[in-house]
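Visitor: when you get a sec, could you give me coordinates for this:
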Amino acid sequence: MNFIVSSSYLLKQLQVLGSVINSNNTLPILDNFLFELDNNQLHVSASDLETTMSASLEIESNSKGSVAIPAKLLLDILKTFPEQPLTFTVEENSTVEISSNSGKYAIAYAAGEEFPKAVALEDPSTTIVPAEVLATAIGKTIFATGNDDLRPVMSGVFFQFSTEGLIFVATDAHKLVKYARADVKASQSAEFIMPKKPLNILKGILATSDAEVKVEYNDSNATYSFENYILTCRLIDGKYPNYEAVIPKENPNKLILSRVTFLNSVRRVAIFANKTTHQIRLKIAGTELNISAEDIDYSNKADERLTCDYHGDDLQIGFNSRFLTEMLNNLTSDEIQLEMSLPNRAGILTPIDGLDEGETVTMLVMPVMLNN
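Guide: Residues are numbered from 1 along each chain as shown. Presented below is the predicted three-dimensional model:
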């Protein structure tokens, strides 16, 4: 088998697929890209057994066949070529010869049959989601996922599809993000938990795409098809915690202020906070918000005063500054609202402006106990 392909076009596709490959694979065959040639169509796949991704490329050829080529070696050589056509020829002696304008390079290959096949979904449900919506949903939630191996369900993002709209939730038990879209709907209700790795890969590609993504899913796997890519991954098995029960419904104390001003203030004050608890204190009275932190071990302390729009009782509440900073960084609005009820109940952070029609973002942050 042999084919001709543009060097930069191939490199661009392989760099996307390369993000699937683990640095330490248990099966040596997974260190390869699978090339499957069918005349003018070249399918290239990469897999780590949990996630498999493939791309279809238009090339010049009139032969068929499949080989597995070492991924790192191929990427390294492709990065050095200026834009030019490359000819790949599979030789009898188990090597693939790459011919460029300046020379020839031989890479040993493995048989394509050894490469694990992607899972075919049996009678899946299907939902079409615009790429931009999916990319935003992943970007807004993935930072709040947990890393606890004992609670694998919390290490992914919960997808909740219904005829009313789409909901994406992530939590690590300290913070929770719920991103909802009422403007995109599914034909029937479904729930599944997506692992972090395929989501990060999708986020990277979809950010620059304006395609429609076809999402197919059953109880154990999900497939995302868009442009010339297909990504199939195994879902996280388990029941997602009831996140609605955690979000406090009655929050009489409402604080509205500039997101950037608040973020900068929290960042500055947090430098003086205890390095293990990262605790900062918000003290709100009238139209004044005091943000303070103290590290008693080193006699470091900071205190800042901001004017704000506040409705509610005077209140003192403590938060972990890292969680607050992450959330404020993730929002894009000019103004935010922080709703609270009691010093031991979660605070709810929502953007006031900058949202699309039908888009809502709710962020919940657990307080830390203040030592008076």
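Visitor: and for V361, the neighbour number?
Guide: Around V361 there are 22 other residues, counting by other CB atoms under 10 Å. Heads up, the C-betas are built off the backbone N, CA and C, glycines and all.
Visitor: hang on, I meant T332
Guide: Around T332 there are 13 other residues, counting by other CB under 10 Å.
Visitor: do the same with V269
Guide: 22.
Visitor: before we move on, what about K196?
Guide: 17.
Visitor: and what of the one 10 residues further on?
Guide: Burial measure for L206: 26 neighbouring residues, criterion other CB under 10 Å.
Visitor: surely it and Y229 touch.
Guide: No - counting by CB atoms under 8 Å, L206 stays clear of Y229, with 9.7 Å between them.
Visitor: pLDDT below threshold where in this structure?
Guide: 372 (pLDDT under 70).
Visitor: which stretches in it count as helices?
Guide: 7-18, 71-80, 131-141, 196-206, 259-270, 321-330 (DSSP state H).
Visitor: quick one, the second one and helix 7-18 angle?
Guide: Using axes from the mean of the first three to the mean of the last three CA atoms, to 10 degrees, one finds that helix 71-80 and helix 7-18 are set 150 degrees apart in direction.
Visitor: same check on the fifth one?
Guide: Per the same axes, to 10 degrees, the angle that helix 259-270 makes with helix 7-18 is 60 degrees.
Visitor: now helix 259-270, how far from the chain's geometric center?
Guide: 25 Å (CA atoms, centre = their mean, to the nearest Å).
Visitor: now the second one
Guide: A distance of 26 Å separates the C-alpha centroid of helix 71-80 from that of its chain, computed with CA atoms, centre = their mean.
Visitor: count of neighbours near L121?
Guide: So L121, with other CB under 10 Å, has 17 neighbours.
Visitor: hang on, E97 packs against A106?
Guide: Yes - the pair E97 and A106 passes the contact test of CB under 8 Å, sitting 5.2 Å apart.
Visitor: what are the ranges of the strands in the stretch 1-150 of the chain?
Guide: 2-6, 32-38, 41-47, 51-58, 64-70, 85-90, 95-99, 104-108, 110-111, 125-130 (DSSP state E, counting those that start in this stretch).
Visitor: and the closest residue to E122 other than its chain neighbours, how close does it get to D123?
Guide: Computed as CB to CB, 6 or more residues apart in numbering, the closest residue to E122 that is not its neighbour in sequence is N218, at 6.5 Å. N218 sits at a distance of 7 Å from D123 (criterion: CB to CB, to the nearest Å).
Visitor: ok, back up a step: out of the helices of the chain, deepest packed?
Guide: Mean neighbour count (mean count of other CB atoms under 10 Å) peaks for helix 131-141 among these, with a mean of 22.
Visitor: alright, calling it a day.
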